[in-house]
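In: coordinates for the following, if possible.
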Amino acid sequence: MGWIRPRRSREERSDVTRRFYDLWASEDPNAVLGRHKMHIPAPKIRSPGHEESYNPPPEYLLSEEERLAWEQQDPEDRKLSFLPRKFSCLRSVPAYSRFIQERFERCLDLYLCPRQRKMRVNVNPEDLIPKLPKPQDLQPFPTTQSLVYRGHTALIRSISVSPGGQWLLSGSDDGTVRFWEVCSSRCLKTVQVGGAVRGVAWNPNPAVCLVAVA
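Out: So this is what the prediction gives:
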């Protein structure tokens, strides 16, 4: 059988201490959040400076031209979100109109802003340089010169091979278009076009022997 626990008195309920913890407390290893490995502390608010004082030094007070320039700037471009003012005593300072709004935005930033933990990786710079293979491992590659196409006297701008792979067409700045035999490097025909040749192309249809010169 179970025992019925009587209702506690008001004195007993007042003796019971409630447990509270600071959500944005420092990372204490013995704290609740400190034992959580992926806990990321919230960013701290910047400490107030001389410009936020009720009696700031004269160099922190804006002149009339600086005040007009401050008012014309966008709120995102302003260095300060308020105008420094000077008062004779602390009780003359009025209530800050944007106090609740700024605290509300601060709570939204802490609640909605995603934070991630960045892992630092130590990388040796020499390990990032790719290792090139040895030249003897890249064979086979051409080691001898077997054919030389000689005939043009100026820069060759364009070449084109016939669809069958037997003939080669080249155009140069010397104003000539030359037809070559690929296997023997023999020049079969030279055509004078009267100007520098910028491009040549062979007709891809093997049934029609036609070339274009530009």
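In: C-alpha from now on. contacts and neighbour counts both.
Out: Fine.
In: check which helix or strand covers residue 159.
Out: Residue 159 belongs to strand 156-161 when assigned by DSSP states H and E.
In: buried sites along that strand?
Out: 156, 158, 159, 160, 161 (16 or more other C-alpha atoms under 10 Å).
In: can you lay out those residues as a markdown table showing pLDDT?
Out: Shown next, in a markdown table, are the buried residues of strand 156-161 (pLDDT from 0 to 100):
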| residue | pLDDT |
| --- | --- |
| 156 | 90 |
| 158 | 90 |
| 159 | 91 |
| 160 | 91 |
| 161 | 90 |
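In: make JSON lines from those and add distance to residue 93 to it.
Out: Formatted as JSON lines, the buried residues of strand 156-161 follow (distance: C-alpha to C-alpha, whole Å):
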{"residue": "156", "distance to residue 93": "84"}
{"residue": "158", "distance to residue 93": "83"}
{"residue": "159", "distance to residue 93": "85"}
{"residue": "160", "distance to residue 93": "86"}
{"residue": "161", "distance to residue 93": "89"}
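In: out of those residues, who's nearest residue 47?
Out: residue 158 (70.0 Å; C-alpha to C-alpha).
In: residues in contact with that closest one?
Out: 170, 171, 172, 197, 198, 199, 200 (C-alpha atoms under 8 Å, 6 or more residues apart in numbering).
In: do residue 167 as well
Out: 161, 179, 180, 181, 182.
In: quick one: which of those residues sit in strands?
Out: 161, 179, 180, 181 (DSSP state E).
In: buried ones among the residues you listed?
Out: Looks like the ones in strands among the contacts of residue 167 have 161, 179, 180, 181 buried, using 16+ other C-alpha under 10 Å.
In: dump these into CSV; add distance to residue 83 as well.
Out: Shown next, in CSV, are those (distance: C-alpha to C-alpha, whole Å):
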residue, distance to residue 83
161, 77
179, 83
180, 83
181, 85
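In: and stretch 132-149, how far from the chain's centre?
Out: Centroid separation for stretch 132-149 versus its chain: 41 Å, with C-alpha atoms, centre = their mean, to the nearest Å.
In: so for it, what gets flagged as buried?
Out: Applying 16+ other C-alpha under 10 Å to stretch 132-149 flags no residue as buried.
In: helix or strand right after the helix or strand of the chain with the lowest mean pLDDT?
Out: Least confident helix or strand of the chain, by mean pLDDT, DSSP states H and E, is helix 10-15 with a mean of 64. Counting by DSSP H and E, the element after helix 10-15 in chain order, helix or strand, is helix 64-72.
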